[in-house]
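Asks: any chance you could fold what I've pasted below:
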Amino acid sequence: MQPELGSKAIHAPSTPPQLVRVSESLCQNLSQFKDLMKEYRKLDDSVTMRMNRNLAQFRDIDRHRSGRSGSPQLQDEACLHFWKELVANWENRTEIVKYCVGVVDVSMEAKRQALVGQDPKLDENRRTASSLYTDEVKRNQMRNELTVEAIIRQRSLDAFKSRCKFFEPPISDTRSRHWWDSVHADR
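Replies: Alright, predicted model coming up:
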């Protein structure tokens, strides 16, 4: 299937993010975990194009509503809508990373407990120790994803602010304010 191009792409509805059940087995498979993170980062990777599409959709809605275009609230509505989409995506990714780090931590603790008081020279204990080391590497790589997330959020915020220069999330929206403040604090 060919992707929509030109004005068709602008007016086509956004593809809703696929709901993925994150399981312990996904967390234990680093390749699958990284593929999932890459998929979830597509929104941030295409932030400028998606913002253009979002603004075009809101202009069309405004034009149909009022018979004219360019209402001052249009930009604010479009920015707020896109901001909420960004925040939801950031929250999902952060939750996935933290969940998977927790899964690997539990696995590591079980292996540590299995090794307590055991002869390190036995083959079975060597396999367990090797598996524990593998889990440590996996956990560290997953934790590094949180640093990557901070960089991606900053880059997305910069692109967002280039189109929504005067936007600030409403003070009453504590969830959005939390993300807004945390991204600004990372600077």
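Asks: so where is the chain shaky, pLDDT-wise?
Replies: Low-confidence segments of the chain, defined by pLDDT under 70: 1-20, 62, 65-72, 186-187.
Asks: just give me the longest helix of it.
Replies: The longest helix of the chain (DSSP state H) is helix 72-115.
Asks: show me how far it is from its chain's centre.
Replies: Offset of helix 72-115 from its chain centre (Cα atoms, centre = their mean, to the nearest Å): 6 Å.
Asks: give the other helices and strands that the helix or strand following that helix contacts.
Replies: Of the helices and strands lying after helix 72-115 in sequence (DSSP states H and E), the nearest is helix 123-163. Where contact means 3 or more Cβ pairs under 8 Å, 6 or more residues apart in numbering; DSSP states H and E, helix 123-163 is packed against helix 30-40, helix 42-45, helix 47-66, helix 72-115, helix 174-185. Where you see a C-beta, it was placed from the backbone N, CA and C, and this is true even at glycine.
Asks: from residue 41, how far out is residue 55?
Replies: Shown here: residue 55 relative to residue 41, a distance of 22 Å by Cβ to Cβ, to the nearest Å.
Asks: with neighbour numbers in mind, choose between these two.
Replies: residue 55 (20 against 17; other Cβ atoms under 10 Å).
Asks: quick one, what contacts that one?
Replies: 75, 78, 163 (Cβ atoms under 8 Å, 6 or more residues apart in numbering).
Asks: rerun that using 10 Å as the cut-off
Replies: 10, 74-75, 77-79, 81-82, 163-164 (Cβ atoms under 10 Å, 6 or more residues apart in numbering).
Asks: what is the nearest of those residues to residue 132?
Replies: residue 82 (43.6 Å; Cβ to Cβ).
Asks: ok so, going back, save the contacts of residue 55 as JSON lines, and put in neighbour count and distance to residue 59 too.
Replies: Putting the contacts of residue 55 into JSON lines (neighbours: other Cβ atoms under 10 Å; distance: Cβ to Cβ, whole Å) gives the following:
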{"residue": "10", "neighbour count": "17", "distance to residue 59": "10"}
{"residue": "74", "neighbour count": "18", "distance to residue 59": "6"}
{"residue": "75", "neighbour count": "19", "distance to residue 59": "9"}
{"residue": "77", "neighbour count": "15", "distance to residue 59": "11"}
{"residue": "78", "neighbour count": "22", "distance to residue 59": "8"}
{"residue": "79", "neighbour count": "23", "distance to residue 59": "13"}
{"residue": "81", "neighbour count": "13", "distance to residue 59": "13"}
{"residue": "82", "neighbour count": "23", "distance to residue 59": "14"}
{"residue": "163", "neighbour count": "17", "distance to residue 59": "13"}
{"residue": "164", "neighbour count": "19", "distance to residue 59": "14"}
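Asks: any chance of the helices and strands packed on helix 123-163 in CSV, with distance to residue 148 too?
Replies: Output for those, formatted as CSV (distance: least, Cβ to Cβ, whole Å):
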stretch, distance to residue 148
helix 30-40, 8
helix 42-45, 11
helix 47-66, 16
helix 72-115, 9
helix 174-185, 14
